[in-house]
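J.: Provided below are the primary sequence and the corresponding predicted coordinates.
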Amino acid sequence: MLNKNQKLQFEELAMQYMDSLYTKAIGLTKSAREAETLIQKTYLQVFQLYDKVEGQSDFKVLLFSTLESIFTNQFQRKNVNLVPC
């Protein structure tokens, strides 16, 4: 569990990358609603791993790789449902 200082650090870093993360999410999803959902899922997952992050560069890498991973997994699931049997 994160202490108060770690939570504040997470919030500060999260806000620092919000615009660039949103731009990336819009580019992937082509939808504001889906981008916002993707960002929420990303921040939640990264928050749960935050105590293992060492430094700002690790945070950025984890943030963007998590976003892409979640998007890829969701996209693959949607495409699986579209493939005819």
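T.: Arrived safely. Numbers count the residues shown, from 1 in each chain.

J.: can you give me the helices for the chain?
T.: Listed in chain order, the helices found in the chain under DSSP state H are 4-16, 18-29, 32-49, 56-82.

J.: and the longest one, what's buried?
T.: Residues of helix 56-82 classed as buried under the neighbour-count rule (16 or more other CB atoms under 10 Å) are 59-60, 62-64, 66-67, 70-71, 74. Using the backbone N, CA and C atoms, a C-beta is placed for each residue, glycine as well.

J.: cool, the shortest one as well?
T.: Across helix 18-29, burial judged by 16+ other CB under 10 Å covers 21, 24-26, 28-29.

J.: rewinding a little: mean pLDDT for the helices of the chain - can I get that in JSON lines?
T.: Output for the helices of the chain, formatted as JSON lines (pLDDT from 0 to 100):
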{"stretch": "helix 4-16", "mean pLDDT": "93"}
{"stretch": "helix 18-29", "mean pLDDT": "96"}
{"stretch": "helix 32-49", "mean pLDDT": "94"}
{"stretch": "helix 56-82", "mean pLDDT": "84"}
